[in-house]
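Asker: sequence and predicted structure below; questions after.
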Amino acid sequence: MKAILTLLLFLPLWLTAQQVTYLHCGRLIDGENESVQNQKTVIITDGTITAVQDGYARPPAGANVVDLKDRTVMPGLIDLHVHIEGESNPRAYMEEFTLDPADVALRATAYCEKTLKAGFTTVRDLGGSGVNVSLRDAINRGYITGPRIYTAEKAIGTTGGHADPSNGRNRELSFDAGPEQGVINGPEEAYHAVRTRYKNGADCIKITATGGVLSVAKDGSGPQFTQEEIEAIVAAARDYGMHTAAHAHGTEGMKRAIRAGITTIEHGSLMDEEVMDLMVEHGTYYVPTLSAGTFVAEKAKVEGYFPAIIVPKALSIGQELRETFEKAYARGVKIAFGTDSGVSPHGDNAREFIYMVEAGVPPLAAIRSATVTAAEVLGRADDLGRIRPGYVADIVAVPGNPATDISTMTEVNFVMKEGKVIE
């Protein structure tokens, strides 16, 4: 009896020490059910979801209570394609000559905070200078505010290809980039480049399987790796426990990447039915980045925003991306959410939901692409992307009901990451 009385005496202190939080949710999209649920309580203990109950459960003494009865609550959002180090602007092509790594890092802290406050508690950074690794680590250590970052460090390309950092330079400033800089020629160098990314702290591998819209080169769609090179990259990445992503606009580059076992196809602008069927057969995910396509098509009309060699590519990409996306979704290709923010502005990531719904995706399916499906891509399906006991308490809320008005996804007004409310 004495032991029971002692336990009851100290129970409120124990609950407080454990940081117990009750979220009273007017509506809930949990990633489990196919519909919006009403009047639920989500209970969080030390950053982990411990229960989801019907109604507005009465909290014990010492617990925190958050009133979200006028909002729709859902798992923290995941953007699988960002470039957190920078943001598109007319001076972007000169910044590598004018900004030091410290400048890039300090500026990027603002992009990290904007992204998190927009409701994106996790992002996959698909290539930068390497500062992205330091940003990830600074967030994990609590030095700066931002989303959980999975980073590719530097993208891997081929000589003269989309990820070759020496493109567009004069002879005095140009250099022969190699695997250390993420540029390869042949399977042996492919292994070297992947292992270097691993050594430098990458979480995943990104390749540029075709030309790109924003590279200072005329070709935006031709294949830029041999089949053997991509197979070597995918095999090396698997050896080191990393998944793979392929930037790709043209069909042949996509086919080679899919056959090699790539995890995700990014953009996929000129995807045809053969590619779509290959993706369904291999279980390849499609990350459409409609936001970037829309943004570059608009900015290409602004004189001087992009170098002249980029303008023709940028003008055509927006409509092509949307038409491809509509066909791929209808054909059953697995869609995973990604924006290419950094091309489009950081913090505007949720506009992608609007573009997806305009293209025919049901609102809850669009949200699922940024929660459940995106978590699968990252290998975190067991603890991210759902509001379920045992899952990390990454939770966001919006006013209204996104199932009937998807634009509310751009109005996130509550963000919790790992059980901590982001102010």
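Answerer: The structure has been received and is ready for your questions.

Asker: and the longest strand for this structure?
Answerer: Determined from DSSP state E, the single longest strand within the chain is strand 64-75.

Asker: need the contact list for the closest residue to residue 19 other than its chain neighbours.
Answerer: Leaving aside its chain neighbours, residue 19 sits nearest to residue 46 (5.5 Å; criterion: Cβ to Cβ, 6 or more residues apart in numbering). C-beta here means a position set from N, CA and C on the backbone, and glycine is covered the same way. The contact partners of residue 46, by Cβ atoms under 8 Å, 6 or more residues apart in numbering, come to 18-19, 419.

Asker: next, the buried residues of the longest strand of the chain.
Answerer: Within strand 64-75, the residues scored as buried using 16 or more other Cβ atoms under 10 Å are 66, 68, 71-75.

Asker: ditto for stretch 390-399
Answerer: 391-398.

Asker: and of those residues, the nearest to residue 92?
Answerer: residue 396 (29.8 Å; Cβ to Cβ).

Asker: tell me how far the closest one lies from residue 412.
Answerer: As judged by Cβ to Cβ, to the nearest Å, residue 396 and residue 412 stand 5 Å apart.

Asker: now swap in residue 84 and tell me
Answerer: As for residue 84, its distance to residue 412 is 18 Å (criterion: Cβ to Cβ).

Asker: if you count surrounding residues, which of those two has more?
Answerer: residue 84 (28 against 22; other Cβ atoms under 10 Å).

Asker: tell me the pLDDT at that one?
Answerer: Residue 84 is assigned 97 on the pLDDT scale.

Asker: circling back: would you turn the contacts of residue 46 into a markdown table with pLDDT, neighbour count and secondary structure?
Answerer: Formatted as a markdown table, those follow (pLDDT from 0 to 100; neighbours: other Cβ atoms under 10 Å; DSSP: H, G, I helix; E, B strand; the rest coil):
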| residue | pLDDT | neighbour count | secondary structure |
| --- | --- | --- | --- |
| 18 | 81 | 14 | coil |
| 19 | 91 | 15 | coil |
| 419 | 97 | 19 | coil |
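
Asker: in a markdown table: those, plus distance to residue 340.
Answerer: Output for the contacts of residue 46, formatted as a markdown table (distance: Cβ to Cβ, whole Å):
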| residue | distance to residue 340 |
| --- | --- |
| 18 | 40 |
| 19 | 36 |
| 419 | 30 |
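
Asker: nearest to residue 297, of these?
Answerer: residue 419 (40.5 Å).

Asker: chain neighbours aside, what residue packs nearest to that closest one?
Answerer: Residue 419's closest residue in space is residue 47 (Cβ to Cβ, 6+ apart), at 3.4 Å.

Asker: list the contacts for that neighbour?
Answerer: Contacts for residue 47 (Cβ under 8 Å, 6+ apart) come out as 19, 392-393, 418-420.

Asker: residue ranges with poor pLDDT in this structure?
Answerer: In the predicted model, the chain carries pLDDT under 70 at residues 1-17, 93, 166-170, 172-176, 212-220, 300, 313-318.

Asker: show residues contacting the helix ranked longest in it.
Answerer: Longest helix in the chain by number of residues (criterion: DSSP state H): helix 311-330. Contacting residues not belonging to helix 311-330 are listed as 213-214, 220, 249, 267-271, 273, 276, 279, 286, 288-290, 293-294, 296-301, 306, 335, 355-356, 359-361 [Cβ under 8 Å, 6+ apart].

Asker: quick check: next helix or strand after that helix?
Answerer: strand 334-335 (DSSP states H and E).

Asker: give me the element residue 153 is part of.
Answerer: With DSSP H and E as the test, residue 153 turns up in no helix or strand.

Asker: how about stretch 396-414: buried residues?
Answerer: For stretch 396-414, a neighbour-count test (16+ other Cβ under 10 Å) marks 396-398, 401-403, 406, 408-412, 414 as buried.

Asker: a markdown table for the residues you listed, including distance to residue 41?
Answerer: Below are the buried residues of stretch 396-414 laid out as a markdown table (distance: Cβ to Cβ, whole Å):
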| residue | distance to residue 41 |
| --- | --- |
| 396 | 17 |
| 397 | 14 |
| 398 | 18 |
| 401 | 19 |
| 402 | 20 |
| 403 | 20 |
| 406 | 26 |
| 408 | 22 |
| 409 | 23 |
| 410 | 27 |
| 411 | 23 |
| 412 | 21 |
| 414 | 15 |
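
Asker: inside helices: which ones of those residues?
Answerer: Using DSSP H, no member of these falls in helices.

Asker: buried members of the contacts of helix 311-330 into ChimeraX, please.
Answerer: The buried subset of those, as determined by 16+ other Cβ under 10 Å, is captured in ChimeraX by this line:
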select :213,214,220,249,267,268,269,270,271,276,279,286,288,289,290,293,294,296,297,299,300,306,335,355,356,359,361
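
Asker: so which of the contacts of helix 311-330 are in strands?
Answerer: 267, 286, 335.

Asker: let me have the residues you listed in CSV, extended by distance to residue 127.
Answerer: Shown next, in CSV, are the ones in strands among the contacts of helix 311-330 (distance: Cβ to Cβ, whole Å):
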residue, distance to residue 127
267, 13
286, 19
335, 21
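
Asker: out of those, who's nearest residue 346?
Answerer: residue 267 (18.5 Å).

Asker: correct me if wrong: that closest one contacts residue 291.
Answerer: No. Judged on Cβ atoms under 8 Å, residue 267 makes no contact with residue 291 at a distance of 11.3 Å.

Asker: quickly list what's touching both of those two.
Answerer: When Cβ under 8 Å, 6+ apart defines a contact, the residues bordering residue 267 and residue 291 alike are residue 340.

Asker: domain ranges for the chain, per the record?
Answerer: Domain assignment of the chain by automatic domain parsing yields the ranges 2-75+386-421, 77-377.

Asker: winner for burial among those domains?
Answerer: Of all the domains of the chain, domain 77-377 carries the top mean neighbour count, a mean of 21, counting by mean count of other Cβ atoms under 10 Å.

Asker: quick one: end-to-end distance for it.
Answerer: 13 Å (Cα to Cα, to the nearest Å).

Asker: now swap in stretch 236-251 and tell me
Answerer: First-to-last residue span, stretch 236-251, Cα to Cα: 24 Å.
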